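Asker: any chance you can model this:
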Amino acid sequence: MVSTAAFGQKKSKMSNEQQVAFTNTYINADKARLLGNPEEAYKLYQRCLELDPSADAVYYSLGKLQKDKNNLNGAKVQFEKALKLDPENKWYYQELAIVQADLQDFKSASKTYEKLLKKYPGNPEFILNYANFLLLAGDDKGAMKTYDEFEAIAGVDPEVSLRKYRYFASAGKYDLAAAELQKLIDAMPGDAQLYGYLADLYQAQGKTQKALEVYEQALGADPNNAYIQLSLAEYYERTGKNDTGFEYLQMAYANSGLDIDTKVGVLLRMHRQAERDPETRRRALILCNKLISAHPSEAKGFSIKGDFLFLDRQLDSARASYYQSIDRDPSKFAVWNQVMIIDSELEDPQAMLDDSKRALEMFPTQPGLYLFHGISNNQLEHYKEAAASLKTGLTFVVGNPLLSAQMLASLGDAYHELGHNKSSDSAYNASLSYDPESLYVLNNYSYFLSLRGEQLERAKEMSGKTIAKEPKSASYQDTYGWILFQLGQYEDAEKHLKTALENGGHRSGEVLEHYGDTLFKLGRVNEAVEHWVKAKALGDASEKIDSKISTQKLGE
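Answerer: Okay, the predicted model is just below:
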């Protein structure tokens, strides 16, 4: 480029010595520019102009220098000077047009190319660029005409045909838009996307039969093309033929040629409807199985299948599918979280303990995992381990008051079972500071206070909130009734404990024993013994139950 620019100068009045000096200076100036030393390059270019003020190549290079510095207006001025000195140089026209376009002056850019084409008629590259600038300048008709000229020389070009198609479609000239697409399809019959464009164009006009013909033409050209199968599935779904659409959708999902992300995307869109529609869940699971068959090594196929099985309440199967996802990719925390939610719903504390241990190896700073680990240890009566895990987990909680409340509630449970009453009370109080309306904590805390006979008025107040919110809860009514018993308010205690029995408490030996104790205090000894006997039969009464039955006394 250096030699072309330097030695391509028109004859000047320089002496041989000046010509040599000019050439060397120009070469050094270009080197400085290319090496990122614009100040030095500018000085050397100016020295060249002192030797030959008519050196168009120097103005061209000054234009490049200004363009490098993002001084587009300065570059435009220099390119215009170069072009004025040498109006036959095609590079000057092209660089000037590019800068004009960068300045969003597409009209001037198109005019520059118009002049270039007069110098070099029939050049397909110049014709194409001219058409593009006309389109950007808003001269749609001129652009379309110029694109036709380009195609007459260069033949069908996908980029050009698609631009013409988009223009005709936006202008409402659907027949011309369709003709452009059909021309492309004829030239490129294996491009499934083109069929999709044409079918969508017909769909937009309400020409559903024409759209179907295009899809069938596409399938005939490439029967195993998954994207065409997917397009046909969407077409039949839009036209209300869901069963036929689902047949094509199954073909697409069984086809490994359709990428898994597209398949998962369709399933995700089905999820909301599947929440309320069993038939959608059934179909989604069929698609999941086909997806897995086509992509057996992909974790996300098993994960999405687990989501739909969970939605269908097939909890064991959902957990098994999530396990398969984890085996392929254990790095997805959301999948681990779903597994432990299922462990909880299945009331499987051993599985929750095992799963939380494995998950903590992958995500040691995820506080939610410590909650699952702590809860499972509590349920398995590993109270020291539960307390240790929950205390560690609390250090990782940031900006999540509900999670803090849950962890502190479980920590209070663990401390209670360990006999650390002050620590248990502190944990419950801290939990209530985050979530004052937690019925779980209000109930447990008040009940444990009643067992110890401590702060009974506060226990009554806390328990009262739970029965106000859920008056038919046997557990809450039992707690409130037992607190009243401890306060010596036996008649009121009997009412609430009776309500607990009526709402399922009759299946609890603990509730039956509490009711029997209250009846005894009310002087209804025979009834009390009857309830103690029932409590013993259920197997979860206190250690004093045998003595109460044999002596017909509370044994206080």
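Asker: can you list contacts of the helix or strand encompassing residue 39?
Answerer: If you go by DSSP states H and E, residue 39 is part of helix 38-51. With CB atoms under 8 Å, 6 or more residues apart in numbering as the test, helix 38-51 has contacts from 14, 18, 21-22, 25-26, 28-30, 32-33, 55, 58, 61-62, 65, 68-69. Glycine gets a C-beta too; all of them are placed from N, C-alpha and C.
Asker: repeat that with 6 Å
Answerer: Residues from elsewhere that reach helix 38-51 (CB atoms under 6 Å, 6 or more residues apart in numbering): 18, 22, 25-26, 28-29, 32-33, 55, 58, 62, 65.
Asker: same check, this time on stretch 527-535
Answerer: In contact with stretch 527-535 (CB under 6 Å, 6+ apart) are residues 509, 512-513, 515-516, 519-520, 541, 545, 548-549, 552.
Asker: what are the buried residues along it?
Answerer: For stretch 527-535, a neighbour-count test (16 or more other CB atoms under 10 Å) marks 528-529, 531-532, 534-535 as buried.
Asker: just the residues you listed: which are in helices?
Answerer: Those of the buried residues of stretch 527-535 mapping onto helices are 528-529, 531-532, 534-535, per DSSP state H.
Asker: let's have these in CSV, adding distance to residue 74 and pLDDT.
Answerer: CSV is the format used below for these (distance: CB to CB, whole Å; pLDDT from 0 to 100):
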residue, distance to residue 74, pLDDT
528, 103, 93
529, 106, 94
531, 99, 95
532, 101, 94
534, 98, 94
535, 96, 93
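Asker: of the contacts of helix 38-51, which is the most crowded?
Answerer: residue 58 (30 neighbours; other CB atoms under 10 Å).
Asker: would you map the helices across the stretch 351-500 of the chain?
Answerer: 367-379, 383-394, 401-418, 421-434, 439-452, 456-469, 474-486, 490-502 (DSSP state H, counting those that start in this stretch).
Asker: against which helices or strands is the last one packed?
Answerer: In other words, helix 490-502. helix 474-486, helix 509-521 (3 or more CB pairs under 6 Å, 6 or more residues apart in numbering; DSSP states H and E).
Asker: how about the helices of the stretch 351-500 of the chain in CSV, adding mean pLDDT, distance to residue 167 and mean neighbour count?
Answerer: Below are those laid out as CSV (pLDDT from 0 to 100; distance: least, CB to CB, whole Å; neighbours: other CB atoms under 10 Å):
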stretch, mean pLDDT, distance to residue 167, mean neighbour count
helix 367-379, 97, 54, 25
helix 383-394, 97, 61, 21
helix 401-418, 96, 55, 22
helix 421-434, 96, 61, 18
helix 439-452, 95, 65, 22
helix 456-469, 96, 64, 18
helix 474-486, 96, 70, 25
helix 490-502, 95, 76, 20
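Asker: okay if I get these as TSV plus distance to residue 173?
Answerer: Listed next are the helices of the stretch 351-500 of the chain as TSV, based on distance: least, CB to CB, whole Å:
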stretch	distance to residue 173
helix 367-379	58
helix 383-394	65
helix 401-418	58
helix 421-434	64
helix 439-452	67
helix 456-469	66
helix 474-486	72
helix 490-502	76
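Asker: residue 336: which of these is closest?
Answerer: helix 367-379 (7.4 Å; CB to CB).
Asker: now the helix or strand where residue 75 lies: buried residues?
Answerer: Using DSSP H and E, residue 75 maps to helix 72-85. Neighbour-count burial for helix 72-85, counted by 16+ other CB under 10 Å, picks out 72, 74-83, 85.
Asker: and stretch 119-131, by the same measure?
Answerer: For stretch 119-131, the neighbour count (16+ other CB under 10 Å) marks 126-131 as buried.
Asker: repeat that for stretch 354-363.
Answerer: For stretch 354-363, by 16+ other CB under 10 Å, it's 355-356, 359-360, 363.
Asker: could you do stretch 164-183 as well?
Answerer: For stretch 164-183, by 16+ other CB under 10 Å, it's 164-165, 167-169, 177-178, 180-183.
Asker: before we move on, what about stretch 545-556?
Answerer: For stretch 545-556, by 16+ other CB under 10 Å, it's 545, 548-549.
Asker: just to revisit the earlier point, reformat the buried residues of stretch 354-363 as TSV; add pLDDT.
Answerer: Formatted as TSV, those follow (pLDDT from 0 to 100):
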residue	pLDDT
355	97
356	97
359	97
360	97
363	96
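Asker: could you dump those into CSV and include distance to residue 109?
Answerer: Listed next are those as CSV, based on distance: CB to CB, whole Å:
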residue, distance to residue 109
355, 64
356, 64
359, 59
360, 62
363, 55
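Asker: what two of the buried residues of helix 72-85 are the furthest from one another?
Answerer: Most distant of those, by CB to CB, are 72 and 85, 20.7 Å apart.
Asker: SS state for residue 543?
Answerer: At residue 543 the chain is in coil, as set by DSSP: H, G, I helix; E, B strand; the rest coil.
Asker: phi and psi next, for it.
Answerer: phi -70, psi -20 (degrees, to the nearest 10).
Asker: can you name the residues that contact it?
Answerer: Contacts of residue 543 (CB under 6 Å, 6+ apart): none.
Asker: so how far is residue 552 from it?
Answerer: 17 Å (CB to CB, to the nearest Å).
Asker: next: residue 145.
Answerer: 110 Å.
Asker: residue 302 now?
Answerer: Residue 302 is 61 Å from residue 552, by CB to CB.
Asker: related to what we said a few turns ago, turn the buried residues of helix 72-85 into a markdown table, including pLDDT and distance to residue 479.
Answerer: Formatted as a markdown table, the buried residues of helix 72-85 follow (pLDDT from 0 to 100; distance: CB to CB, whole Å):
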| residue | pLDDT | distance to residue 479 |
| --- | --- | --- |
| 72 | 94 | 78 |
| 74 | 94 | 83 |
| 75 | 94 | 82 |
| 76 | 95 | 84 |
| 77 | 96 | 88 |
| 78 | 94 | 88 |
| 79 | 95 | 87 |
| 80 | 95 | 90 |
| 81 | 95 | 93 |
| 82 | 94 | 92 |
| 83 | 94 | 93 |
| 85 | 93 | 98 |
